[in-house]
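Undergrad: next comes the sequence, and after it the predicted model I'd like to discuss.
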Amino acid sequence: MFSLQSSSPFDLLRREMDQVLFDTLRTWPSPTAARSYPALNIWEDEGAIYVEAELPGLKHDQLEVVVLGSELTIKGQLPVQAPEQSAIHRKERPEGHFTRVAHLPAEVDTAKVQAVLKDGVLTITLPKAEAALPRKIAVAAH
Amino acid sequence: MENLELSKQQNAHTESERLRGGSFYRPRVDILESEQELTVLADMPGTSVDNIEIEFENGQLMIQGKVEPRRPSGTCLLQEYGVGNFARTFKVGDHIDIKQIKADYADGVLRLTLPKSEAAKPRKISVQAS
């Protein structure tokens, strides 16, 4: 009906191999929970740490961001497709529960942490705690 | 067209491919079929309605999403995925009513609805009692 591959022998073989790989990955116990999801990109400057993750399909009320000391936890629930009368031809997108814990390189000021989810991209800004900020020590002349 | 599937995360640096001179990521998709239509859901985080292009040509449906670079200030401590444009091409059979294809984008997911042509929909034939 919706043919995704051309039908040359090479493509057929490749399709076969794809399917084996795909099935193996699919049946892995709890793909989103067992492995690190979501993937993270982390940056740091003098004053803050920035954490970014791609979470397409997630609404902000399905997401929980918790900061404790220098530990950041991102957890949520990706919508599960409930196809009532539809056949699934391809299932590559993750679904269900996920939890990711990241250890931050510095203590952060938990009261000032900001998280924004826009177009499936989560951006968390974590200002560093006073104690973690660099401090210039004035040298007293003797 | 449909090459070996790799997820974006597994191969942040190497998986992007060349297309029309630029590199792109292959979005992960779900494809569902009901009696009336096909639905394609494609994960394309970080793009926008204005930056998505959907083209149909010679029986091929191509979706593309332009992604603006995102790079906060400072030094990178960890990079587990790459950020870049998305593109993927599908072959579409004759059973789809091309003119009725619809698309919307929400929460980083592109949803394409491809209604089947009348001839391809299942039809119940009533049996006449003689």
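TA: Sure thing, it's come through. Numbers count the residues shown, from 1 in each chain, chains lettered A, B, ... in the order given.
Undergrad: distance of the residue in chain A positioned nearest to chain B from residue B:50?
TA: When distances are taken as CB to the nearest CB, chain A reaches nearest to chain B at residue A:120, 1.7 Å away. Glycine gets a C-beta too; all of them are placed from N, C-alpha and C. To residue B:50, residue A:120 is 16 Å away according to CB to CB, to the nearest Å.
Undergrad: repeat for residue B:78
TA: As for residue B:78, its distance to residue B:50 is 31 Å (criterion: CB to CB).
Undergrad: the two: who's more crowded?
TA: The residue with the greater number of neighbours, taking residue B:78 and residue B:50 and applying other CB atoms under 10 Å in any protein chain shown, is residue B:78; the counts read 13 against 8.
Undergrad: give the contact list for that one.
TA: The neighbourhood of residue B:78, defined by CB atoms under 8 Å, 6 or more residues apart in numbering or on different chains, consists of A:40-42.
Undergrad: okay, now the unreliable bits of chain A?
TA: Residue ranges of chain A with pLDDT under 70: A:1-7, A:12, A:15-16, A:18-35, A:83-85.
Undergrad: give me that answer again for 80
TA: With pLDDT under 80 as the threshold, chain A has low-confidence stretches at A:1-35, A:81-86.
Undergrad: before we move on, the earlier item: adding neighbour count, distance to chain B and secondary structure, write the contacts of residue B:78 out as CSV.
TA: Output for the contacts of residue B:78, formatted as CSV (neighbours: other CB atoms under 10 Å in any protein chain shown; distance: CB to the nearest CB, whole Å; DSSP: H, G, I helix; E, B strand; the rest coil):
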residue, neighbour count, distance to chain B, secondary structure
A:40, 22, 5, strand
A:41, 22, 5, strand
A:42, 23, 4, strand
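Undergrad: helix or strand for the residue nearest to residue B:92 when sequence neighbours are not counted, just tell me which one.
TA: With CB to CB, 6 or more residues apart in numbering or on different chains as the measure, residue B:61 is the residue that lies nearest to residue B:92, at 5.0 Å, once sequence neighbours are left out. Under the criterion of DSSP states H and E, residue B:61 resides in strand B:60-65.
Undergrad: what does that strand contact?
TA: By CB under 8 Å, 6+ apart, the residues outside strand B:60-65 that reach it are B:1, B:24, B:27, B:42, B:44, B:47, B:51-56, B:85-92, B:101, B:110, B:112, B:114.
Undergrad: paired strands for that strand, with orientation please.
TA: On the basis of DSSP bridges, the sheet neighbours of strand B:60-65 come out as strand B:52-57 (antiparallel), strand B:86-91 (antiparallel).
Undergrad: ok now that strand, how far from the chain's centre?
TA: Relative to its chain's centre, strand B:60-65 lies at 6 Å (CA atoms, centre = their mean, to the nearest Å).
Undergrad: list the buried residues of that strand.
TA: Along strand B:60-65, the positions that meet the burial threshold by neighbour count (16 or more other CB atoms under 10 Å in any protein chain shown) are B:61, B:63-65.
Undergrad: strands of the chain, start to end?
TA: Using chain A. A:40-44, A:48-54, A:63-68, A:71-78, A:87-91, A:96-103, A:114-118, A:121-127 (DSSP state E).
Undergrad: can you look at chain B instead?
TA: According to DSSP E, chain B carries its strands in the segments B:17-19, B:22-24, B:29-33, B:37-43, B:52-57, B:60-65, B:75-79, B:86-91, B:102-106, B:109-115.
Undergrad: in a markdown table: those strands, plus distance to residue A:55 and mean pLDDT.
TA: As requested, these are exported to a markdown table (distance: least, CB to CB, whole Å; pLDDT from 0 to 100):
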| stretch | distance to residue A:55 | mean pLDDT |
| --- | --- | --- |
| strand B:17-19 | 24 | 48 |
| strand B:22-24 | 20 | 78 |
| strand B:29-33 | 16 | 93 |
| strand B:37-43 | 9 | 94 |
| strand B:52-57 | 19 | 93 |
| strand B:60-65 | 16 | 94 |
| strand B:75-79 | 17 | 93 |
| strand B:86-91 | 15 | 94 |
| strand B:102-106 | 13 | 96 |
| strand B:109-115 | 10 | 96 |
